[in-house]
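>>> next come a sequence and a model predicted from it.
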Amino acid sequence: QVQLAESGGGLVQAGGSLRLFCIASGFDFSNYAMGWFRQAPGKEREFVASTSWNGGNIYYGDSVKGRFTISRDNAKNTLYLQMNRLKREDTAIYYCAAQSWGIATRDTEYDYWGQGTQVTVSS
């Protein structure tokens, strides 16, 4: 049974930091590209970041470049998202997703999704 379990979300002040975790099980994590997406109330799901199976290729959405860092530990079946210099507009539910054939930025290209973790940034 495939599972992606996000954690690490919470309430933080603008300018602060959070680190999100996504623990994978039920599939061969080390052979999957992984991504983070987010969805704010009333808005479409937005691409945040993605990484190839070994971390060799990484993409970021324009709104998070220079502030967020995606990484993975294949030995621990875990995907990370380090979020620094958080802004109010980063408030959203953050989802991790897995993709079997290669790094991607569109949500329609992902095979598996987690339930999400809420990130709220206050001013």
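Yes, it's here. Numbers count the residues shown, from 1 in each chain.

>>> wait, what's in contact with residue 59?
Going by CB atoms under 8 Å, 6 or more residues apart in numbering, residue 59 touches 47, 49-50, 103, 105. From N, CA and C alone the C-beta is placed, and that goes for glycine too.

>>> ok, now with 6 Å
Remark: with contacts taken as CB atoms under 6 Å, 6 or more residues apart in numbering, residue 59 is in contact with 50, 105.

>>> ok, the helix or strand encompassing it: who's next to it in the sheet?
Per DSSP states H and E: residue 59 is located in strand 58-60. The pairing partners recorded for strand 58-60 under DSSP bridges are strand 46-51 (antiparallel).

>>> and the strand it pairs with, average pLDDT?
Within the predicted structure, the mean pLDDT of strand 46-51 is 98.

>>> re the thing from before, chain center to the strand holding residue 59, what's the gap?
In terms of CA atoms, centre = their mean, to the nearest Å, the centre of strand 58-60 is found 11 Å from the chain centre.

>>> C-terminal to it, what's the next element?
Following the chain from strand 58-60 toward its C-terminal end, the next helix or strand by DSSP H and E is strand 68-73.

>>> residues contacting the following helix or strand past that following strand, please?
Downstream of strand 68-73, the next assigned helix or strand under DSSP H and E is strand 78-83. Surrounding strand 78-83, the residues in contact under the criterion CB under 6 Å, 6+ apart are 18-20, 22-23, 34, 36, 68-72, 96.
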